[in-house]
Structure formats: C-alpha cells, structure tokens
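> Dropping a prediction and its sequence here:
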Amino acid sequence: AQSVTQLGSHVSVSEGALVLLRCNYSSSVPPYLFWYVQYPNQGLQLLLKYTTGATLVKGINGFEAEFKKSETSFHLTKPSAHMSDAAEYFCAVSNTGGFKTIFGAGTRLFVKA
Amino acid sequence: GAVVSQHPSWVICKSGTSVKIECRSLDFQATTMFWYRQFPKQSLMLMATSNEGSKATYEQGVEKDKFLINHASLTLSTLTVTSAHPEDSSFYICSASPRTSGQETQYFGPGTRLLVL
C-alpha cells in the first residue's frame, strides 16, 4: 500500500524567503515521487519527479526536492519565494508496479510582499 | 508538447440531466487516461482508469452507471455524468499517460467545473 502525508495544509512565507513544503510517503516498493502545482481553477502542472538515480531533483521555476529513503521524505524547496509561487502544491507517489498515483492532501503556499 | 485539453471548462446544468466531459491528448497518443474529482480545498480523488478500447476500471465507491467513461481512441476519453444531482457538483480533472511511457507519467487537463442546480 502507498500513502502520502503533507505536513501543513497552509504555509506562509515572505517574498524572497526560503520555501519548504514537507512530504512523507510510505510505499512497499521503490517509489516514484512527484510534486505538482495547481493554480486556482486549473489542472495540475508537474514541477518535478523522482524515479531513479540522483536523489536531488531539480524542477521548473527554481524548485527542487530531495529523495531521502531513510526518512521516507521528498520535501520541496525553493531558495527565494516569488509572489507567483502562491498556489496549491501536491506531493504524489506511484511506481512501476502499476499502482495508481496517490496524492497528498495538498499544501497551500501564501507569499507575502 | 504533452498537452491535454478538456471541454467544456465549466458547465451548469439542471438536476436530472446528463453532462458529457471530453478529455483529449492533443499531441500524443494516450493508452491510459485517468479521471479525478476534486472537492473544494481538497486533493484529487481518482474515480477511474480507462484504457483505450477496454472498459474502465472504477475505484471503490464510484458508481460506474452514474459516471460513464468511454475511451474510444488513443486521444479521446469522455466522462458522462448521468442524471446529475447537486452532490455531483465538483471539479473534474482528467490526465493522460503517453503510450511511450509508464502510467506514472501523467499530463493533466485544465479541469471542468460542474455545477448542478
């Protein structure tokens, strides 16, 4: 079975500050991990994904995430927040075994001027 | 590349009517398409998985006779909400997996907001 836990339904940061969105997962097989962003009334856009190989994954818009197997975590970071980063972020887990993709509950990011 | 469209983007209908939502992969062939439902301020809940040319696989608790899914071609899947009721009001999102990749690769449509009066 697989599951995803996103710590914090809301995160607020100041413009220019570090963004850290937390995601922990559980999976009985090696996971594929994803971060998606959703702007109001829109579908999901893939920010980055981890499948195999390098554990530090760089994505679009300056975001990156690190897969830490020992901590079962895949936290999303960005060094400097921009107003345009305000959105809902979803962590998700899947794998090659044909399991469906499971989404976390989402974290809404607020960016203060 | 990898664009998925949905039509309509929003729809308002009367209770008891049926509504069809289309999901198209515009620049790739999709062997698998997924339909999700999202309630306000909540995550996506998978409703069903459809493979081209075969019957959709519905998640537990999703009424297959209420939410009819057809995946007639490699670029088109449709979701029909039959005899819609106000509780069916929601944001419906589809995604598509290219035939050249595994199901973990999904490209999402922009969503369809359904309001049943």
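Sure, I can see it.
> Which strand or helix spans the residue most central in space within chain B?
In chain B, the C-alpha closest to the average C-alpha coordinate belongs to B:Trp35, at a distance of 3.5 Å (CA atoms, centre = their mean). Taking DSSP states H and E as the definition, B:Trp35 sits inside strand B:30-38.
> ok, the residue nearest to the centre of chain B - contacts?
B:Cys23, B:Leu46, B:Met47, B:Ala48, B:Ser50, B:Phe67, B:Ile69, B:Ser77, B:Leu79, B:Tyr92, B:Ile93, B:Cys94 (CB atoms under 8 Å, 6 or more residues apart in numbering or on different chains). C-beta here means a position set from N, CA and C on the backbone, and glycine is covered the same way.
> So what's the residue count around the first one?
The reference is to B:Cys23. B:Cys23: 28 surrounding residues under other CB atoms under 10 Å in any protein chain shown.
> swap in the second one?
Other residues lying near B:Leu46 total 18 when counted by other CB under 10 Å.
> how about it, what does it touch?
When the contact criterion is CB under 8 Å, 6+ apart, the partners of B:Leu46 are A:Lys100, A:Thr101, B:Phe34, B:Trp35, B:Tyr36, B:Glu59.
> let's see it at 6 Å
A:Lys100, B:Tyr36, B:Glu59 (CB atoms under 6 Å, 6 or more residues apart in numbering or on different chains).
> Tell me the bridge partners for A:Lys58.
Applying DSSP bridges to A:Lys58 yields these beta-bridge partners: A:Glu64.
> Any idea how many residues pack against it?
Counted by other CB under 10 Å, the residues lying close to A:Lys58 total 11.
> next one: A:Gly104
25.
> So for it, what's the pLDDT?
pLDDT recorded at A:Gly104 is 93.
> What residues does chain B have near chain A?
For chain B, the residues found near chain A under the criterion CB under 6 Å from any CB of the partner chain are B:Ser43, B:Leu44, B:Leu46, B:Ile93, B:Gly102, B:Glu104, B:Phe108, B:Gly109, B:Pro110, B:Gly111.
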